[in-house]
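Asker: Got a sequence here, can you model it:
(one chain, ligands or ions: 1)
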Amino acid sequence: SAHRIDIVTIFPSFFDVLDVSLIGKAREKGLLDLRVHDLRDWTHDRHRTVDDTPYGGGAGMVMKPEPWGAALDEILGDDAVLVVPTPSGEVFRQPMARELAQEQQLVFACGRYEGIDQRVIDHYAAVGRVRLVSIGDYVLNGGEVASMAMIEAVTRLIPGFMGNPESLVEESHEDGLLEYPIYTKPAVWRGLEVPPVLLSGNHGAVAAWRREQSIERTRERRPDLLSD
Ligand SMILES: COC(=O)c1ccnc(N)c1
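Answerer: Just a heads-up that it's a prediction; the model follows:
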């Protein structure tokens, strides 16, 4: 059965881009059932209000719980995972992308930075599975960009999604290391040559060179990955 991804947002048109590229094709092929929902469709007042001032004072606005409750009650299936992008969440890395790619339904709740009323998180954590997820230590204005990044990272891991699954194996972070440098024709470009080992036809030597390059590059740029 197709993987289902729902996105709840007050900017549904933001996700129009998901109609193109690989994700568009996966949807056409029936591999992915992706639905974008406008949170305001679950409001009932004339102004379709989704936010209000924070209890306890402070700047900004907080998203009201009622529209979220009405929307999520309708959208969340029994086995769904509710993904809430937030700077205060667990950091999204490739292992989590692999985990989420196994789920039958992911529902992304895109809140504005001031956030969603905490009781929405608490309620759905009590009745189902909720993941509060950060894509890195910086602040955005809403969860939409973070959801887009996570959806791309997750959907490309869904079996049958990528034309050539082989290409998924030798990627950065797949083996815990950064990927090795890659080259294509011409053999010389602006006086710069392709490393001769890659032209040698010696597959063992190529694999060894690539492994060494990954380790050296990881040590250089991301020593934190080596201490795991
Ligand atoms: C409103 O959401 C954010 O600002 C956000 C979400 C996920 N990761 C972040 N680093 C920021």
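Asker: got the end-to-end distance for stretch 177-194?
Answerer: 22 Å (Cα to Cα, to the nearest Å).
Asker: go on, stretch 18-33?
Answerer: End-to-end distance (Cα to Cα), stretch 18-33: 12 Å.
Asker: likewise stretch 72-89?
Answerer: 20 Å.
Asker: secondary structure element for H44?
Answerer: Of the helices and strands defined by DSSP states H and E, none includes H44.
Asker: Equivalent analysis for the one 3 residues further on, please.
Answerer: Assigning secondary structure by DSSP H and E places H47 outside every helix and strand.
Asker: Quick check on it: phi, psi?
Answerer: Per-residue torsions, H47: phi -90, psi 0 (degrees, to the nearest 10).
Asker: Distance-wise, check it relative to P65.
Answerer: Distance check for H47 against P65: by Cβ to Cβ, to the nearest Å, it reads 17 Å. C-beta here means a position set from N, CA and C on the backbone, and glycine is covered the same way.
Asker: Need the contact partners of the biggest helix by length in the chain.
Answerer: For the chain, the helix that runs over the most residues, judged by DSSP state H, is helix 203-221. By Cβ atoms under 8 Å, 6 or more residues apart in numbering, the residues outside helix 203-221 that reach it are 170, 175, 177-181, 195, 197-198, 200, 225-226.
Asker: Closest to V188 out of these?
Answerer: P195 (12.0 Å; Cβ to Cβ).
Asker: List the buried residues in the longest helix of the chain.
Answerer: V206, W209, R210, Q213, S214, R217, T218 (16 or more other Cβ atoms under 10 Å).
Asker: And H47 and P65? Which one has more around it.
Answerer: P65 (17 against 7; other Cβ atoms under 10 Å).
Asker: which residues touch the residue nearest the centre of the chain?
Answerer: Geometric centre of the chain, nearest residue: M150, 0.4 Å, by Cα atoms, centre = their mean. M150 is in contact with V83, P85, F92, A97, L100, F108, V133, I135, counting by Cβ under 8 Å, 6+ apart.
Asker: Could you single out the nearest of the buried residues of helix 203-221 to the ligand?
Answerer: T218 (23.3 Å; Cβ to the nearest ligand atom).
Asker: how much space between the closest one and E212?
Answerer: With Cβ to Cβ as the criterion, T218 and E212 are 11 Å apart.
Asker: can you check H123 too?
Answerer: 52 Å.
Asker: Which helix or strand in the protein has the lowest average pLDDT?
Answerer: helix 166-169 (a mean of 69; mean pLDDT, DSSP states H and E).
Asker: C-terminal to that helix, which secondary structure element comes first?
Answerer: Helix 166-169 is succeeded, C-terminally, by strand 188-189 (DSSP H and E).
Asker: now that following strand: how far from the chain's centre is it?
Answerer: 36 Å (Cα atoms, centre = their mean, to the nearest Å).
Asker: what residues does the very next helix or strand once past that strand touch?
Answerer: Using DSSP H and E, the next helix or strand after strand 188-189 towards the C-terminus is strand 192-193. Contact partners of strand 192-193, identified using Cβ under 8 Å, 6+ apart, comprise A187.
Asker: for stretch 96-104, same thing?
Answerer: 1, 3-4, 77, 79-81, 83, 90, 106, 131, 133, 150, 153-155, 157-158.
Asker: Buried residues in it, which are they?
Answerer: M96, A97, L100, A101, E103.
Asker: Would you mind putting those into a markdown table with pLDDT alongside?
Answerer: As requested, the buried residues of stretch 96-104 are exported to a markdown table (pLDDT from 0 to 100):
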| residue | pLDDT |
| --- | --- |
| M96 | 97 |
| A97 | 97 |
| L100 | 97 |
| A101 | 95 |
| E103 | 96 |
